[in-house]
Every structure is written in structure tokens, then in C-alpha cells.
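Participant: Compute the structure for the input listed below.
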Amino acid sequence: MASPHRALIVGSTGIAGNNLADRLLADGWAVAGLARKAVARPPGLRPVAADLLDPGALAAALAGESVSHVFFCTWQRRDTEAENARVNAAMVRNLLAAVRPAGTVRHVALVTGLKHYLGPFEAYGKGDLPDTPFREDADRLPVENFYYAQEDEVFAAAARDGFTWTVHRPHTIVGYAVGNAMNMGATLAAYASLCKHLGRPFLFPGSPEQWNGLTDVTDARLLARHLAWAAAAPAAANQAFNVVNGDVFRWRWMWPRLAAYFGVEVGPYPARPTPLAGQMAGDAGPWAGLARAHGLGEPDLGRLTSAWHTDADLGRPLEVLADMARSRRLGFTGYQPTLDSFTDLFGRLRRERLIP
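Facilitator: Numbers count the residues shown, from 1 in each chain. Coordinates of the predicted model:
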């Protein structure tokens, strides 16, 4: 029997999209995955290759598609937030216009993040921010933010076409993906492997506020569960949700445990940021050598890591954590221990021969 749920995951090769595909396929959904270089991974996913900024080619690629649920899990970075807003809004607008002719879309889910509360990269963590833990009913910040522009495109299309929507705001996503622009877990795994290989101490690169303060993260598998839940729960319709693991931690507690996994020495915290972008600036060559010595599948350190984004997360000069009460009240009970999020990912990276 054909599945009544036919998903289109936009950004199916990224951390959020790929883990969502795993989840929906396991739940019996029919799943198509759209990306500029789409691949049939995981097995069972039907790839659709298209450029979201080419409306004509996008419409042609999706002609004949009759999807019931759209999950928008991608973005593109530009030099300014004004350009981020223009480009990323156009991507959402073009996609929703391309699926509109079939008249089959019942629900659209948009994945954004906690920059909804913290501001865009060029004004990150500045100004009058809401108190932590962040709650979904906080007002938008009075600055340009491409998350707001994406939301507005979804809201306008929903009012026009009659589908329901949800917005999902994860914190830092920990999960499996290669070539992703925001990948803390793989970045820390590669950094720890290089520290061990080169005999360097494993130094926490971030701010004192992050080292000492409470924080949380989002496992990509839990985000996938949340997206699937909200797509099927009538009470979740037309609402925004924070999505985090459900536990909190301090990096001064977590860091030695990550070091223990890799058998690497923890360096004393220097009480100031020592960004990974600087620490790893000369590591492309040593990583390529490490990859050759261990037969690793990705010799290009730049495809496996995103030091700039990990530095942004760990260098924040303020506490960052999110409230999950809205989801709990509506019935989502998912929980993920964060240490397991990291060690599960590290284990998979080893099995896939991406780290030694």
C-alpha cells in the first residue's frame, strides 16, 4: 500500500535533512530529497537535484510531484544579513511556488535556530536579548534576520494555499553529515584526533561564559523525531517550537569527557577564547597525512570541519539555552542525553572511516 505521507525534504544531504530522511523512511513515509547535488542516501530516498535559486529549473524538477509534507532544512550564507535575508527568503518562496500547482501540500515545516533570539551573525548576541531560557513567544529582535524572512514566506504561502506550518528552532545540531557548513560534532572529533596525532593539548576554544555557564544542544535524531511528531500532531499546527535534547550541561564538565573518548590530554582552560580557526589554521596538511596513514575517506579537513561556526557557538559571551515547555505540554516527550549525542556521532564517524 502506498504511504499516505509523501515528504519532500529540502536540504536532504545536510545534518537535519539526512537524519530526518532516516526517521521518516523508518516510519514508512515515501520520501524525496532535494539538494543541488542530490544523492540516494539513505537507501529508499528518491533524490531530486535542483537549484532553489533557479525558479524555472526548480519547477521543472518538481513537476508531477504530489507531496503532502515539505520539510525545509537548508540555507545559504552570504556576506551580509541583508543578502542572507534576500537569498534565503527567495529559496523558500521559489520552493513553495514550485510545489503549489499540485495542490497536495498539507503541511510545511521550517528548520531555523536560536539566532531567532540571538540575532544574525553580524549582530550576534548584541543588543537587548530575551532572557534565558529562550521561549518561543519572545518578540522578534529589531534587526534584519534571514530566519524572520524565511518565516514570513512560509506564513504568507500558508495563508494563500491553506496548509499548516511549524517552525523548529534547534540549538547547535550534533549529528552525522559531511560537507556541512555548521558541524560542531565533526569539527571537535577532527580537532581531538589532530591533538592526539600531533601531541597538542585539547584546549577548549571558547569564552569563559560558555566554559562555566549552562548550555544545551540538539541531537539531529531528536530534531528528526520532533519534525515527524509535529507533522502528525494536530495540536502542533501553526506554532513555533524550540528543540533541544532536554538536558543541560557546562562545557567544563563535558570537555574532559570528550577528551577521554579520544584518549587525548586536556589542556588547562586559558580563561579566554582561543578560537579553533586559529588553532587549526595549519592543520590541512597534517590531516591529509593522518587520512593517508589511517585510510580515511575524507582527506580534506575543510569538508569535515567548520571551525568558524564552532567558534561562534563556543565563543558566545552569554549563556544560551532554550525552553521546551511548549512541546512538552502538547505531548512531545523525546529526550536525548547529550554526552551520548557526541559519543554516538564519534562512533559513527569512526565506523565510516572519517576519523581514526
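Participant: Could you say which helix or strand holds Ala21?
Facilitator: Element membership of Ala21 [criterion: DSSP states H and E] is helix 15-26.
Participant: wait, I meant Asn245
Facilitator: Counting by DSSP H and E, Asn245 is part of no helix or strand.
Participant: isn't it right up against Pro337?
Facilitator: Yes: under the criterion of C-beta atoms under 8 Å, Asn245 makes contact with Pro337 at 7.2 Å. For glycine as for every other residue, the C-beta is placed from the backbone atoms N, C-alpha and C.
Participant: ok so, going back, partner strands of the helix or strand following the helix holding Ala21, parallel or antiparallel?
Facilitator: Going down the chain from helix 15-26, the next helix or strand is strand 30-35, by DSSP H and E. With DSSP bridges as the test, strand 30-35 is paired with strand 6-10 (parallel), strand 46-49 (parallel).
Participant: highest average neighbour count across those?
Facilitator: For the strands paired with strand 30-35, the largest average neighbour count (mean count of other C-beta atoms under 10 Å) is found in strand 6-10, namely a mean of 26.
Participant: From Gly267, how far out is the residue lying closest to Val92 once chain neighbours are set aside?
Facilitator: Spatially, and ignoring its direct neighbours in sequence, Val92 is nearest to Glu153 (4.1 Å; C-beta to C-beta, 6 or more residues apart in numbering). Between Glu153 and Gly267 the computed distance is 45 Å (C-beta to C-beta, to the nearest Å).
Participant: same thing with Ala288?
Facilitator: In terms of C-beta to C-beta, Ala288 sits 24 Å off from Gly267.
Participant: what packs against the top helix by length along the chain?
Facilitator: Ranked by residue count, the top helix of the chain under DSSP state H comes out as helix 81-99. If you count contacts as 3 or more C-beta pairs under 8 Å, 6 or more residues apart in numbering; DSSP states H and E, helix 81-99 packs onto helix 55-62, strand 69-72, helix 146-161.
Participant: wait, which of the ones you listed is closest to Leu227?
Facilitator: Nearest of the helices and strands packed on helix 81-99 to Leu227, taken as C-beta to C-beta: strand 69-72 at 6.0 Å.
Participant: Identify the residues contacting that closest one?
Facilitator: For strand 69-72, the external contacting residues (C-beta atoms under 8 Å, 6 or more residues apart in numbering) are 5-11, 17, 20, 92, 95-96, 99, 105-111, 150, 154, 227, 231.
Participant: any idea how far that strand is from the chain center?
Facilitator: Centre-to-centre, strand 69-72 and its host chain are 15 Å apart (C-alpha atoms, centre = their mean, to the nearest Å).
Participant: Stretch 120-134 too?
Facilitator: Computed by C-alpha atoms, centre = their mean, the separation of stretch 120-134 from the middle of its chain amounts to 19 Å.
Participant: tell me which residues in that stretch are buried?
Facilitator: Within stretch 120-134, the residues scored as buried using 16 or more other C-beta atoms under 10 Å are Pro120, Phe121, Gly125, Thr132, Pro133, Phe134.
Participant: Show me the contact partners of it.
Facilitator: Counting by C-beta under 8 Å, 6+ apart, 80-81, 84, 114-119, 138-139, 141-146, 242, 312, 316-323 sit against stretch 120-134.
Participant: partner strands of the next helix or strand after the longest helix of the chain, parallel or antiparallel?
Facilitator: The first helix or strand that comes after helix 81-99 along the chain, using DSSP H and E, is strand 107-111. Strands that pair with strand 107-111, judged by DSSP bridges, come out as strand 69-72 (parallel), strand 164-170 (parallel).
Participant: Can I get strand 107-111 in PDB, CA atoms only?
Facilitator: This file holds the C-alpha atoms of strand 107-111, laid out as PDB (Å, rounded to 0.1, in the frame of the first residue of the first chain):
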ATOM      1  CA  HIS A 107       2.000  20.900   6.000                       C
ATOM      2  CA  VAL A 108       5.300  22.800   5.800                       C
ATOM      3  CA  ALA A 109       8.000  22.600   8.500                       C
ATOM      4  CA  LEU A 110      10.800  25.100   8.500                       C
ATOM      5  CA  VAL A 111      14.000  24.500  10.500                       C
END
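Participant: ok and that strand relative to helix 15-26, angle-wise?
Facilitator: Counting by axes from the mean of the first three to the mean of the last three C-alpha atoms, to 10 degrees, strand 107-111 lies at 140 degrees to helix 15-26.
Participant: by contact count, what packs against the next helix or strand after strand 107-111?
Facilitator: Note on strand 107-111: by DSSP H and E, the next helix or strand toward the C-terminus is helix 115-118. Under the contact definition 3+ C-beta pairs under 8 Å, 6+ apart, helix 115-118 sits against helix 146-161.
Participant: what's next to the helix it packs on, contact-wise?
Facilitator: Residues from elsewhere that reach helix 146-161 (C-beta under 8 Å, 6+ apart): 72, 75, 81, 84-89, 92-93, 96, 100, 105, 108, 110, 112-113, 115-116, 120, 140, 163-165, 167, 238, 240.
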